[in-house]
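S.K.: Build the 3D model from these lines:
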Amino acid sequence: MGLFNFIKSQFIEVIEWTDSSSNVMVYQFPVENKEIKMGAQLTVRESQMAVFVDEGQLTDVFTPGRYTLDTQNLPVLTKLKSWKYGFNSPFKSEIYFVNTKQFTNCKWGTTNPIMMRDAEFGMIRIRMFGVYSFKVADPTVFLREVFGTSSLFTVDGITGQLKSKIVSGVADLLAEAAIPALDLSSKYDEIASMSKKKLDESFKKLGLSLESIVIENISLPEEVEKVLDKRTSMGIIGDSLNQYTRYQAAESIRDAAQNPGGMAGVGVGMGAGMGIGNIFAEAFSTQQQKQPQPTTSTAPAKIKCSSCGASIPEQAKFCLECGTKVAPAITKCSSCGNELPANSKFCLECGQKQ
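M.R.: From the prediction side, this is the model:
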């Protein structure tokens, strides 16, 4: 060490950290030969905490404020060093500034689709993604469990692990909740809230706090979405086999029409054209068979009331106009007793005049 550096190292130093980045979580303050003078000034800003490490052992944690490093503000370190009389010589220690602000807009999502069981579709694969925010809640736990004694630790060093935790937690929650795939989009907020509660403990073990989690999308594989789109289209025109046949035929003709060569461009020629025509014929024939045929209603026979002459049904027992009792529709022959229609003038059996 040169004379200038030696003299410089003997001045009372000011220890502080002004964070100019947005993703640094832990910063080790550089000290010449790790010799911190007794009486040095330590400034800890809001959204920061300072951790003292002596010979690899965590000794003290300082919250926001200004401190003079002496035996009064370093009780743990003083006890370890037995500085009962305010020994003022430099001591070798390390100071780490921990950023306690929220780290926002961290991305999470599935790398590969996750297998799920759905009551309506059976086995399906889903993808999901969103954002989350977190912060350091306990610097001592974070130091022991995550960053150790690295001179610099950024968000990139922990987000991979946190992303895996979130994907695993949300997938496990969806499996337990058994929410139908078509209802997932209406449950994003509820799923996110329950996922946060489920993941709080695992974040706490790392000295972190999960501040928020947002689910932006839960989607089905592309091929399943295409089937759902087709099913939705069919739902507009009806979900019968006949309607599906007509729908498929219309789709085929549309695709053929878009081809530069028309029907021939499809590569199927007249045979395909006749086949599509047969499909249409069968579809419309089936549709016509299913349509209810108009029925001709036969008007009931009517007779006239013997009292007022009003027209009443033949089976009526009383006139609807005057209430007179209607004579029976069948009478008996006065000679042979054979049954005759009412108002018969002669018997069909014996010819007797009635």
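S.K.: would you list every one of the strands in the stretch 1-150 of the chain?
M.R.: 14-15, 24-28, 35-36, 41-44, 48-54, 57-62, 65-68, 91-92, 94-99, 103-109, 114-118, 122-136 (DSSP state E, counting those that start in this stretch).
S.K.: Tyr188: what's its closest spatial neighbour, skipping adjacent residues?
M.R.: Leaving aside its sequence neighbours, Tyr188 sits nearest to Ile215 (CB to CB, 6 or more residues apart in numbering; 4.5 Å). C-beta here means a position set from N, CA and C on the backbone, and glycine is covered the same way.
S.K.: What lies in contact with the one helix or strand the one you found maps to?
M.R.: According to DSSP states H and E, Ile215 maps onto strand 208-219. Applying CB atoms under 8 Å, 6 or more residues apart in numbering, the contact partners of strand 208-219 are 102, 108, 126-137, 142, 158, 162, 166, 170, 174, 184-185, 188, 191-192, 195-196, 199-200, 203, 225.
S.K.: Now it: buried residues?
M.R.: The neighbour-count check on strand 208-219 (16 or more other CB atoms under 10 Å) flags Leu208, Ser209, Leu210, Ile213, Ile215, Ile218, Ser219 as buried.
S.K.: Let's have these in TSV, adding distance to Cys350.
M.R.: Formatted as TSV, those follow (distance: CB to CB, whole Å):
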residue	distance to Cys350
Leu208	115
Ser209	113
Leu210	108
Ile213	103
Ile215	97
Ile218	92
Ser219	92
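S.K.: ok, back up a step: for the residue nearest to Tyr188, which residues count as its bridge partners?
M.R.: On the basis of DSSP bridges, Ile215 is bridged to Gly130.
S.K.: what mean pLDDT would you report for stretch 143-154?
M.R.: For stretch 143-154, mean pLDDT rounds to 85.
S.K.: Then stretch 121-139?
M.R.: Stretch 121-139 comes out with an average pLDDT of 91.
S.K.: And for stretch 180-199?
M.R.: On average, stretch 180-199 scores 90.
S.K.: what separates the closest residue to Ile213 other than its chain neighbours from Ile215, distance-wise?
M.R.: Once flanking residues are discounted, Ile213 sits nearest to Tyr132: 4.4 Å by CB to CB, 6+ apart. The gap separating Tyr132 from Ile215 is 10 Å, by CB to CB, to the nearest Å.
S.K.: same question, Met38
M.R.: Distance, Met38 to Ile215, by CB to CB: 53 Å.
S.K.: Equivalent analysis for Asp118, please.
M.R.: 18 Å.
S.K.: do Ile36 as well
M.R.: Distance of Ile36 to Ile215, given as CB to CB: 47 Å.
S.K.: and if you look at Leu182?
M.R.: Leu182 is 16 Å from Ile215, by CB to CB.
S.K.: Leu199 too?
M.R.: For Leu199 relative to Ile215 (CB to CB), the value is 13 Å.
S.K.: and if you look at Ala181?
M.R.: 14 Å.
S.K.: and what of Phe62?
M.R.: 38 Å.
S.K.: ditto for Ser93
M.R.: Ser93 is 45 Å from Ile215, by CB to CB.
S.K.: pLDDT score for Ser47?
M.R.: pLDDT, Ser47: 91.
S.K.: give me the number of residues near the residue nearest to it when sequence neighbours are not counted?
M.R.: Nearest residue to Ser47, sequence neighbours excluded (CB to CB, 6+ apart): Lys101, at 4.1 Å. Lys101: 13 surrounding residues under other CB atoms under 10 Å.
S.K.: The one 10 residues further on now?
M.R.: If you count neighbours by other CB under 10 Å, Thr111 ends up with 9.
S.K.: That one: what's it in contact with?
M.R.: Neighbours of Thr111 in contact, by CB under 8 Å, 6+ apart: none.
S.K.: And for Asp118?
M.R.: Residues near Asp118 by CB under 8 Å, 6+ apart: Ile124, Pro180, Ala181.
S.K.: Would you format the residues you listed as CSV with neighbour count and distance to Leu69 included?
M.R.: Compiled in CSV, the contacts of Asp118 are given as follows (neighbours: other CB atoms under 10 Å; distance: CB to CB, whole Å):
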residue, neighbour count, distance to Leu69
Ile124, 16, 61
Pro180, 11, 61
Ala181, 19, 60
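S.K.: and which of those is nearest to Val44?
M.R.: Nearest to Val44, judged by CB to CB, of those is Ala181 at 49.9 Å.
S.K.: Tell me who's in contact with the residue nearest to Thr43 when sequence neighbours are not counted.
M.R.: Residue nearest to Thr43 in three dimensions, not counting chain neighbours: Glu16, with 4.0 Å by CB to CB, 6+ apart. Glu16 makes contact with Leu42, Thr43, Val44, Arg45, according to CB under 8 Å, 6+ apart.
S.K.: Can you pick out the most distant pair from these?
M.R.: It's Leu42 and Arg45 that sit farthest apart of these, by CB to CB, at 11.0 Å.
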